[in-house]
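In: This is a predicted model, with the sequence first.
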Amino acid sequence: MTVLKKEITTREDIQLLVDQFYTKIREDQQVGPVFDAVIRDQWPQHLEKMYRFWETVLLGNHTYFGSPFPPHAKLPISGPHFDTWLRLWQETIDTYFQGPKAEEAKWRAEKMAAMFLSKIDYYRDTGKTPLI
């Protein structure tokens, strides 16, 4: 089955991206257990938060308020986890989308992964706690 690729332009596009991405995340042997251990039975709430986050980042509709890093600060994750997360994100985008917003979504995820990993390492090495 061939999927017609489209631009990311609507909340529905964001929902498709997030839903398909997290389906892959949950099936992945490396990152799936980390997500499931933290999110447990709160997947609908987590997905809704991710819709709002990516809608704000990619479409400029300010529906997400908060700080995305602190919940990740103490997770038992490292570089390979972020590599897998990025690979699954990029594969999902490449399967369903094309165009400038798709490229922006990949670029932003790369920058976010690098920043999160750097901050996690910093807090792990120093024993400090991030500001909320």
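Out: Received it, and whenever you're ready, just let me know what you need. Computed from a predicted model, the values in this text were never measured in an experiment.

In: For the longest helix along the chain, enumerate the helices and strands it packs against.
Out: Looking across the chain with DSSP state H, the single longest helix is helix 100-126. Applying 3 or more C-beta pairs under 8 Å, 6 or more residues apart in numbering; DSSP states H and E, one finds that helix 100-126 contacts helix 79-96. Using the backbone N, CA and C atoms, a C-beta is placed for each residue, glycine as well.

In: quick one: average confidence on the helix it packs on?
Out: Averaged across helix 79-96, pLDDT comes to 98.

In: List the buried residues of it.
Out: Under the neighbour-count criterion of 16 or more other C-beta atoms under 10 Å, helix 79-96 has H81, F82, T84, W85, L86, L88, W89, Q90, T92, I93, Y96 buried.

In: can you list contacts of stretch 121-132?
Out: Under the criterion C-beta atoms under 8 Å, 6 or more residues apart in numbering, residues S67, F69, P70, A73, K74, K119 lie in contact with stretch 121-132.

In: again with stretch 83-91
Out: So stretch 83-91 is contacted by F21, K24, I25, D28, Q30, V31, A105, K106, A109, E110, A113 (C-beta under 8 Å, 6+ apart).

In: Now rank the residues you listed by neighbours and give me the top one.
Out: The most crowded member of the contacts of stretch 83-91, judged by other C-beta atoms under 10 Å, is F21 (23 neighbours).

In: roughly how far apart are the residue lying closest to that residue once chain neighbours are set aside and S67?
Out: Nearest residue to F21, sequence neighbours excluded (C-beta to C-beta, 6 or more residues apart in numbering): T92, at 4.4 Å. Distance of T92 to S67, given as C-beta to C-beta, to the nearest Å: 24 Å.
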